[in-house]
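>>> Using only what follows, build the 3D model:
(2 chains)
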Amino acid sequence: MADRSLVHIAFYAALIAALGLVPPVAIPFLGGVPITAQTLGVMLAGVMLGPVRGGLAVLLFLFLVALGAPFLAGGRGGLSVFASPSVGFLIGWPIGAFVAGWIMRATNDLNVLVAAAISATVGGILVVYIFGIPGVAYMAGLSLPKAAIASAVYIPGDLIKVAITALVTQTVARGLPGALFTRS
Amino acid sequence: MISIYLHGESWAHRLPASLKLLVVAIGSLILFRVQDFWVFLPCLAVVVGLYASLGREGLMQLKLLRGLSMFLAILLGLHWFSGTFFEGVTVVLRLIVMILAANFVSITTRMDDMLEAVQPLFKPLQWLGMSPRRPALGVTLVLRFAPHMLEVFSMLREAYQARSGAKNSWRLLAPFAIQSLRMSDNVAEALKARGGAEGLSR
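This is a model prediction of the structure:
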């Protein structure tokens, strides 16, 4: 793996961190998982970098959080976030980025906008919730359906992020095509 | 460095990071097995005691719970609603103990020390022909990139505000993405010019 890859991985990890500073829109329900711009970074990392580098970018970000950087939305950080009910979502992030990148590669012949939207939806929403919901259920001692309902309030926000991911990806594909690694 | 670390010289600050990490990891694994409500009360007392041992600033760190209180209250309500109130209390206590214990390690350990403590875990990278220093370099790069990105964005926003009067727009996303991606390319070039992740010494 070239040094260039390392820089790109670090770049998207930093992007996820920077997006965590966008003020979260909090729904006064289930404060453990606030709506933030952060998963936008997860989707972008996968879609732009591809499976391996995208997944590694998210892992690097989580590593920084574990070391104590307050990079999660709301200035949270440190080891305690991995003991909180939202830990399942954090585990789902790198895997979601991986899946998003993989789908983006696999749909090479589709239009960039459409392919990015599909990748971000499956990787950034479906996969992330597949890990997130059991996480909430396990950590909070709730049944799976209850945890699913409690988590579902965030899906509308996630759909907006999918739209932004698709738009940004298309813009980059036009303006700086070399940066869209899944297509070059 | 940006961190939740709390400056200090207490006994907890002096303990080696690896020991603290090990204790909190094993402790969490054990707590997960425990279903007994009564075990958690002394645990909670011990954890709060740890914070108290750091003095007033330590106790201030318990504000972490305020952000969680809403969630914990709803959780308790849900359990009460489904007739498992006692189980709910146990779950809430376990969460509080585990979160506070993990956070205690984070606030008493410098990021550098934490990085050094987990560095041996990256040894296996050598078998893949990669330097185990790479993750540490990645961490440094992120810490440098993140503030730079915010700078780029605020510059774009100021320019946009001067042009249009509006404060923020989705239109800034495209120039932001492209400008900051260019910056990362420059950094990649610079890193290469200096011998890459391995450095020129090797």
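>>> which residues sit in contact with the residue of chain A found nearest chain B?
Among the residues of chain A, residue A:78 lies closest to chain B, at 3.0 Å counting by CB to the nearest CB. The C-beta positions use only the backbone N, C-alpha and C, and glycine is treated the same way. Shown in contact with residue A:78 (CB atoms under 8 Å, 6 or more residues apart in numbering or on different chains): A:65-66, A:68, A:70, B:4, B:102-103, B:105-107.
>>> Start from the N-terminal end of chain B and give the helices.
For chain B, the helices defined by DSSP state H cover B:11-14, B:17-33, B:37-53, B:56-60, B:64-81, B:85-108, B:111-118, B:134-164, B:173-193.
>>> May I see those organised as JSON lines, with distance to chain A added?
Supplementary listing: those in JSON lines, determined by distance: least, CB to the nearest CB, whole Å:
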{"stretch": "helix B:11-14", "distance to chain A": "13"}
{"stretch": "helix B:17-33", "distance to chain A": "6"}
{"stretch": "helix B:37-53", "distance to chain A": "11"}
{"stretch": "helix B:56-60", "distance to chain A": "14"}
{"stretch": "helix B:64-81", "distance to chain A": "4"}
{"stretch": "helix B:85-108", "distance to chain A": "3"}
{"stretch": "helix B:111-118", "distance to chain A": "5"}
{"stretch": "helix B:134-164", "distance to chain A": "3"}
{"stretch": "helix B:173-193", "distance to chain A": "4"}
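>>> Give me whichever of those is most buried.
Each of these was scored by mean neighbour count; the highest is helix B:85-108, a mean of 22, by mean count of other CB atoms under 10 Å in any protein chain shown.
>>> For the helices of chain B, could you give me JSON lines that also reports mean pLDDT?
Listed next are those as JSON lines, based on pLDDT from 0 to 100:
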{"stretch": "helix B:11-14", "mean pLDDT": "90"}
{"stretch": "helix B:17-33", "mean pLDDT": "89"}
{"stretch": "helix B:37-53", "mean pLDDT": "92"}
{"stretch": "helix B:56-60", "mean pLDDT": "88"}
{"stretch": "helix B:64-81", "mean pLDDT": "84"}
{"stretch": "helix B:85-108", "mean pLDDT": "90"}
{"stretch": "helix B:111-118", "mean pLDDT": "89"}
{"stretch": "helix B:134-164", "mean pLDDT": "88"}
{"stretch": "helix B:173-193", "mean pLDDT": "85"}
